[in-house]
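Asks: dropping a prediction and its sequence here:
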Amino acid sequence: AFDTVAAAEASVVSRDTLGHHEFTGTYAMPLCRLPLIELDGQLPDFPVIPAERLNTQLAYTHTLLDAHQEAAVIVKAASRKVEQMIRQARKAQRQIQSEAYAEFSRRQQEILTRCEERWLERHVVSLCEAASVEQCVVQAVTS
């Protein structure tokens, strides 16, 4: 497994980015700058991964990572859009309810006013009738 990792490091990184180790005479990338990527796929039966195969797997993995990131961005944007639509729908619903309540109150007031007018008419008519009956009784008694 060590030989496979060493071959992978050597085939992925160019010599320009590597540091020369003066005691061993080898080139090595500092560990703090080595990216760690988990590759999907089978390891070959032999200890060294060919550079073409490793580059293909890396390109595929980067494509997948980019696709996942792009999908996450799309989902997040869609989520924000849906939340905005929900807020707008709630605002419209509150406005419609407010308008409906105002219309209900206006009609209720109209009905109340009409009923009050009718009651007053009936009351005045009954008072006039009572006064008329009283005058008839008074005239009958005095005559």
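Replies: Thanks, I have the structure now. Residues are numbered from 1 along each chain as shown.
Asks: avg pLDDT for whichever strand or helix holds A67?
Replies: Counting by DSSP states H and E, the secondary-structure element that holds A67 is helix 51-142. Per-residue confidence for helix 51-142 averages out to 95 on the pLDDT scale.
Asks: elements contacting it?
Replies: Secondary-structure packing of helix 51-142 (3 or more Cβ pairs under 8 Å, 6 or more residues apart in numbering; DSSP states H and E): helix 2-12. Yep, even glycine has a C-beta here, placed from its N, CA and C like the rest.
Asks: mind telling me which residue is nearest the centre of this protein?
Replies: Of all residues in the chain, the one closest to the mean position by Cα atoms, centre = their mean is E83, 3.1 Å from it.
Asks: for that one, list the residues it contacts.
Replies: E83 makes contact with no residue, according to Cβ atoms under 8 Å, 6 or more residues apart in numbering.
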